[in-house]
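Novice: Any chance you can model this:
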Amino acid sequence: MKKILAAGLVSVMLLGMAACGSESDEPKPITFASYEKGYEATAPGDWTRTPEEDVAGIDLVLESPQGAAAFMIYDELKSDYAITADEYYDALVQMTAYDMNTLPAEEVQLTESKSLTVNGIKTKACEFYFTDEAGLNMRFVMHFFETEEHYVRVSCTAKVSEFENYRPIFEEMIESIVVK
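Specialist: Here you go, the predicted model:
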């Protein structure tokens, strides 16, 4: 009886040590700095950065493993536009919906999304559902905020079937943005 109890106790201890070890095996979050604009965003440790030359006009692009989801920061000078932040946001939403409509077999649906906070600044947010060039049903959420000199948008994309799994990661990444 003592041998069975001792063997059971050893088994429980080994399982506990294995469980503790698996937590430390997870990659630690990584903070990525933008190439030019001075933004930082923190992502899970297994996400990677897309090289600058691959993505024209985007300040920072991060991808999940196997490219299943993407996170992008775009930045434009307010002085390049003679419009308010609300007008810029409305035009951005219309332009994005129009661009998505140019894809084949496209039906764009627009919905409101939860606002988040970046450096104490509330974002405006919307979501699009669309079919991409490869025929995949995608979900795209866009958050917009303004700084003293810039209009900034953050875009997060994943397949519709996987989007809700990525939503908490996207939200943490958006709220981790530091504007310098």
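Novice: where does the protein dip in pLDDT?
Specialist: 1-24, 52-57, 100-112 (pLDDT under 70).
Novice: how about the strands in it?
Specialist: 30-33, 39-43, 48-49, 60-63, 69-77, 109-112, 117-118, 121-122, 124-131, 137-146, 150-159, 178-179 (DSSP state E).
Novice: Save the ones you listed as TSV, and put in distance to residue 171 too.
Specialist: Every C-beta, even on glycine, is put in place using the N, C-alpha and C of the backbone. Formatted as TSV, those follow (distance: least, Cβ to Cβ, whole Å):
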stretch	distance to residue 171
strand 30-33	17
strand 39-43	12
strand 48-49	20
strand 60-63	14
strand 69-77	11
strand 109-112	15
strand 117-118	10
strand 121-122	14
strand 124-131	10
strand 137-146	9
strand 150-159	9
strand 178-179	16
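Novice: now for these, which one comes closest to residue 85?
Specialist: For the strands of the chain, the distance to residue 85 is smallest for strand 137-146, at 4.6 Å, taking Cβ to Cβ.
Novice: other SSEs contacting the closest one?
Specialist: Under the contact criterion of 3 or more Cβ pairs under 8 Å, 6 or more residues apart in numbering; DSSP states H and E, the helices and strands touching strand 137-146 comprise helix 85-101, strand 121-122, strand 124-131, strand 150-159, helix 160-175.
Novice: okay, these in CSV with mean neighbour count and distance to residue 48 next?
Specialist: Output for these, formatted as CSV (neighbours: other Cβ atoms under 10 Å; distance: least, Cβ to Cβ, whole Å):
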stretch, mean neighbour count, distance to residue 48
helix 85-101, 14, 25
strand 121-122, 12, 27
strand 124-131, 19, 24
strand 150-159, 21, 15
helix 160-175, 16, 13
